[in-house]
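Asker: here is my input; please provide its structure:
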Amino acid sequence: MGFCDTIWAEVAPLREAILAHPFLTGLADGTLPGETFRHYIVQDSLYLAEYGRSLALAAARAPDAAARLEFSDGAKVAVVVEQALHQAFFNQFGVSPEMAEATEPTPACLGYTSYIASLAATRSYEELIAGILPCFWVYWEVGCAIKPRATTPNPYAAWIDNYADPAFGEATKRVCALVDAAAQEASPATRTAMARAFKQATRFEWMFWDSAWRRESWPI
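Answerer: Below is the predicted model:
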């Protein structure tokens with residue numbers, strides 16, 4: 001079993017907790033309050049702006065052309081495609097540009113983006129791409145899990161369709177292949193660090209959903 005399959009199995013309890021979260025249950029059956037989704041989508045737009053920078057840094061540090069192209073394309077998708085999806089939801093849920101611009105990242109959002117940025121700035125390329133992967137893989141699993149049971153009509157159908165799209169799944173598989181290739185060439189110590197980065201990022205994935213469900217803000 002390759003690195004990705006091994007670590008994916010090890011985070012099974014985290015993945016199960018994500019799939020069972022009431023935020024995602026509400027997305028699937030269309031009952032998630034609009035205000036809760038509005039909180040999430042604004043925070044997600046702040047997250048993706050920073051995540052795109054980390055993808056660009058991964059592209060700059062990549063050891064070969066295939067990896068450089070994959071991560072640079074991912075950075076472009078984060079900026080162009082995701083922003084288009086967010087703008088559609090901003091219009092649907094009444095988020096003005098001024099409102100989005102004035103919103104601060106929550107502790108969960110800032111913690112997640114700061115963690116990925118710290119990997120890019122201070123850790124190895126291998127750790128960085130291991131920490132980047134859960135954002136792809138967790139969303140792909142969520143989209144595939146929700147799609148078959150989603151109610152119709154559903155105000156969140158576009159979101160569900162985006163992350164259940166086979167093209168998104170193919171992108172996830174390509175990033176997995178890059179992580180597996182890096183792990184195969186890495187030392188045992190580096191593979192241990194990669195596993196730690198993957199697990200930590202997966203924890204942040206759960207925290208992000210949960211913070212949106214609670215409409216988290218700074219306590220002070």
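Asker: please count neighbours and contacts with C-alpha atoms only from this point.
Answerer: Fine.
Asker: tell me the gap between the lowest-mean-pLDDT helix or strand in the chain and the middle of its chain.
Answerer: Least confident helix or strand, the chain: helix 81-92 with a mean of 79, by mean pLDDT, DSSP states H and E. Relative to its chain's centre, helix 81-92 lies at 16 Å (C-alpha atoms, centre = their mean, to the nearest Å).
Asker: report all helices and strands that it contacts.
Answerer: Secondary-structure packing of helix 81-92 (3 or more C-alpha pairs under 8 Å, 6 or more residues apart in numbering; DSSP states H and E): helix 34-61.
Asker: do that again at 10 Å, thanks
Answerer: When contacts are defined as 3 or more C-alpha pairs under 10 Å, 6 or more residues apart in numbering; DSSP states H and E, helix 81-92 packs onto helix 34-61, helix 65-79, helix 97-102, helix 157-164.
Asker: pLDDT wise, what is the residue positioned nearest the centre of the chain at?
Answerer: Nearest to the mean C-alpha position of the chain, by C-alpha atoms, centre = their mean, lies Cys135 at 2.6 Å. In this model, Cys135 is scored at 96, pLDDT.
Asker: so which helix or strand takes in it?
Answerer: helix 125-146 (DSSP states H and E).
Asker: mind listing what's buried in the least confident helix or strand of the chain?
Answerer: Residues 82-83, 86-87, 89-90 are the ones in helix 81-92 that count as buried (16 or more other C-alpha atoms under 10 Å).
Asker: what of stretch 72-83?
Answerer: For stretch 72-83, using 16+ other C-alpha under 10 Å, the buried residues are 72-76, 78-79, 82-83.
Asker: tell me which two in the residues you listed are the farthest apart.
Answerer: Maximum pairwise distance in the buried residues of stretch 72-83, criterion C-alpha to C-alpha, is 16.2 Å, between Ser72 and Gln83.
Asker: distance of the nearest residue to Arg214 once chain neighbours are set aside from Leu85?
Answerer: In space, and not counting its chain neighbours, Arg214 is closest to Thr36: 7.8 Å by C-alpha to C-alpha, 6 or more residues apart in numbering. From Thr36 across to Leu85, the span is 17 Å (C-alpha to C-alpha, to the nearest Å).
Asker: again, but for Leu55
Answerer: Distance from Leu55 to Leu85, by C-alpha to C-alpha: 19 Å.
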